[in-house]
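1. let me see the structure of the following:
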Amino acid sequence: MSKSPNRRTGKLDPEAPPVLDRAEPLSRTVLFALLFGVFTVALGYGFVLPILPFLIEQLAGTADPAVVSRHTGLVTGTYVTALFLFAPFWGWLSDRWGRRRVRVLGLAGFGSSLATFTIFDDLYLLYLGRLLDGLFAAAITPAALAFIGTVRPRTSGGRSA
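-> Numbers count the residues shown, from 1 in each chain. So this is what the prediction gives:
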């Protein structure tokens, strides 16, 4: 491990969190944990999609296809928008706190927001829940990909295989 350089001066910053040397190989256990987190986010996103129109029919109190399809698109868009908007914040936070802490916080928040999905009885709470899902998902996937990119060996830079 080495200290990370200050972005402005380029000198080593003793206050900065340590970063892994790029020559260190990524163990299978760490890679499995990272990919499991990314898989959890993908599963949490994907399992809601087939039941979302039926849930919206129930919560909106209407079977009008135009209303249901509009809300389905907006709820899905809320998740993706939150993921897009909050990824830079979680990246900044992972640089300060460390990627492991941010991933654990993201997984805990994502799990708890998915657990509350079962108790929604209002359409606006569904929007809020999907917003929180996207917010916490943004802490997991970008941090995992950044960690994998950080420890990639320098010798394989620019090659696909």
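2. for the rest of this, base every contact and every neighbour count on C-alpha atoms.
-> OK.
3. shaky segments in this structure?
-> For the chain, the stretches flagged by pLDDT under 70 are 1-25, 152-161.
4. the same query, at a cut-off of 50, please.
-> The chain contains residues with pLDDT under 50 at 21-23.
5. need the strands for it, in chain order.
-> Taking DSSP state E, the strands of the chain run over residues 2-3, 18-19.
6. contacting residues around stretch 120-128?
-> Residues from elsewhere that reach stretch 120-128 (CA atoms under 8 Å, 6 or more residues apart in numbering): Ile56, Leu59, Ala60, Val75, Thr78, Phe117.
7. just the buried residues of that stretch, please?
-> Leu123, Leu126, Tyr127, Leu128 (16 or more other CA atoms under 10 Å).
8. just the helices in the chain please.
-> Taking DSSP state H as the test, the helices found in the chain are 28-46, 52-60, 65-97, 99-115, 123-150.
9. just say which of these is most tucked in.
-> The highest mean neighbour count among the helices of the chain, using mean count of other CA atoms under 10 Å, belongs to helix 123-150: a mean of 22.
10. so how far is Thr62 from Ser113?
-> 26 Å (CA to CA, to the nearest Å).
11. now do Phe147
-> 45 Å.
12. isn't Asp133 right next to Val80, touching?
-> No - Asp133 is beyond contact range of Val80, at 9.4 Å (criterion: CA atoms under 8 Å).
13. residues contacting Phe117?
-> Phe117 neighbours (CA under 8 Å, 6+ apart): Leu126, Gly129.
14. distance-wise, check Gly61 relative to Gly149.
-> Distance from Gly61 to Gly149, by CA to CA: 47 Å.
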